[in-house]
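Peer 1: Sequence first, then the predicted structure:
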Amino acid sequence: MARIDGVAEFSGKISCRPRVVQFVDRNLGARTGGSSEMVGWTHTQKKFFKYMSSGTARVVLANGTLRWSAPKQFNDPFDIQFDMHIEHVDKAKLIADVANDLWLFYSRQSEYEPKNRLGYFVRDMSVKGPRLSEAEFRAAVQKGVTESLYEQQRRLPELHSWVRARLEKALVLCLTEMPSNILMWAHYADCHRGVVLEFSTLEASSWAAARPVSYRERMPLLFDQEQLRQFLSGCAVIDKDRFFLESFLTKSIDWKYEREWRVVWHATKEIDFEDTKFNPQELAGIYFGCRVDKKDCEDLVSLARKLNPEVQAWMGKKSLRTFAVEFDRFK
């Protein structure tokens with residue numbers, strides 16, 4: 001979960017609900033226009049939660065906004081800030097497999113559905129190109145694949161720069177699926193002195209298009225052996241959407257406790273954050289930490305119910321038998 005400090009001190013521009021990033025639109029079903037358009041749901045989560053300090057909650061509730069932040073503002077320097085590589089590839093086997101695949105396609109011993117320029121070239125050669133012997137064809141393919149692999153590695157820094165330039169304009173809304181995680185209270189809600197806000201997922205909610213974060217030991221690869229084989233055999237295209245989605249939705253296994261969900265949109269220029277209006281009817285509840293300053297509670301409940309009179313309020317307390325936080329109705 002990206003930790004953003006200093007929200008209470010911000011007094012900048014507040015925007016209406018943002019346009020969700022275009023490559024996420026295609027994969028996550030998010031809306032592509034104004035707030036009246038329906039978002040395609042990608043999950044069954046009816047509620048999401050946002051941990052914060054009491055001071056930040058006061059700003060959020062007074063303005064009716066949530067902060068969408070650029071990756072460079074996150075507390076994890078790896079978060080959406082890593083490069084994908086090509087690793088664990090047996091080059092000799094890869095070259096042999098691709099040469100075999102393309103020979104079977106060229107000689108029409110196997111059905112072939114080309115997906116990229118190489119695939120269409122081989123198909124055209126098999127129909128109207130010069131006829132090559134198997135030895136001639138395999139030698140040409142092996143030379144071409146070897147050169148292609150070298151060129152891919154040489155141009156990898158260029159690809160990384162291209163991806164990073166696009167990620168730098170992304171803004172992310174980070175949410176979670178539970179309000180009772182004691183580590184989350186410690187890390188994001190001022191050591192249990194803050195609050196958690198509960199948001200319902202309505203038809204037009206931005207987070208109807210949210211996706212869960214995947215937690216891994218290692219960074220995702222640009223290609224694995226089979227993906228590279230399919231691409232070099234002309235049977236696949238480079239899936240840029242997958243690169244972006246895995247960049248946005250992959251974090252170290254150490255963060256697994258957060259159970260984070262994310263929505264991403266693309267700003268027209270590189271900015272650090274944007275505070276964006278939410279629908280007051282989306283605000284469903286407010287949970288107070290077990291160390292909260294009681295004098296803040298009534299003020300925050302009052303602010304919340306000005307947005308939505310139906311907001312439910314809960315007071316946290318330490319469990320007497322387990323390492324857990326329990327909640328009673330706030331009176």
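Peer 2: Thanks, I have the structure now. Numbering: from 1, shown residues only.

Peer 1: Which parts of the chain are strands?
Peer 2: Using DSSP state E, the strands of the chain run over 14-15, 47-52, 65-69, 170-176, 195-200, 211-212, 214-216, 250-252, 260-266, 273-277, 283-288, 312-318, 325-329.

Peer 1: For residue 187, find the nearest of the ones you listed.
Peer 2: With C-beta to C-beta as the criterion, residue 187 lies closest to strand 47-52 of the strands of the chain, at 7.8 Å. Where you see a C-beta, it was placed from the backbone N, CA and C, and this is true even at glycine.

Peer 1: for the closest one, packing partners?
Peer 2: strand 170-176, helix 182-188, strand 195-200 (3 or more C-beta pairs under 8 Å, 6 or more residues apart in numbering; DSSP states H and E).

Peer 1: for that strand, which positions count as buried?
Peer 2: 48-52 (16 or more other C-beta atoms under 10 Å).

Peer 1: Among the residues you listed, which one lies nearest to residue 135?
Peer 2: Nearest to residue 135 among the buried residues of strand 47-52: residue 48, at 61.0 Å, using C-beta to C-beta.

Peer 1: my guess is the closest one meets residue 202, correct?
Peer 2: No. Taking contacts as C-beta atoms under 8 Å, residue 48 lies outside contact range of residue 202: 11.3 Å.

Peer 1: Next, show the common contact partners of the two.
Peer 2: Common neighbours of residue 48 and residue 202, using C-beta atoms under 8 Å, 6 or more residues apart in numbering, do not exist here.

Peer 1: low-confidence ranges in this structure?
Peer 2: Under the criterion pLDDT under 70, the flagged ranges of the chain are 1-41.

Peer 1: where exactly do the helices run in it?
Peer 2: Remark: helices assigned in the chain by DSSP state H are 22-28, 54-63, 91-106, 117-128, 134-167, 182-188, 225-232, 240-248, 294-307.

Peer 1: For residue 262, find the nearest of those helices.
Peer 2: Per C-beta to C-beta, nearest to residue 262 of these: helix 240-248, 6.2 Å.

Peer 1: Alpha carbons of that closest one, in CSV - could you do that?
Peer 2: The C-alpha coordinates for helix 240-248 follow below in CSV (Å, rounded to 0.1, in the frame of the first residue of the first chain):
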residue,chain,number,x,y,z
LYS,A,240,2.2,-4.4,-23.9
ASP,A,241,-0.9,-4.5,-21.7
ARG,A,242,0.5,-7.4,-19.8
PHE,A,243,3.8,-5.5,-19.2
PHE,A,244,1.9,-2.5,-17.8
LEU,A,245,-0.6,-4.5,-15.7
GLU,A,246,2.2,-6.6,-14.2
SER,A,247,4.1,-3.5,-13.5
PHE,A,248,1.2,-1.9,-11.7
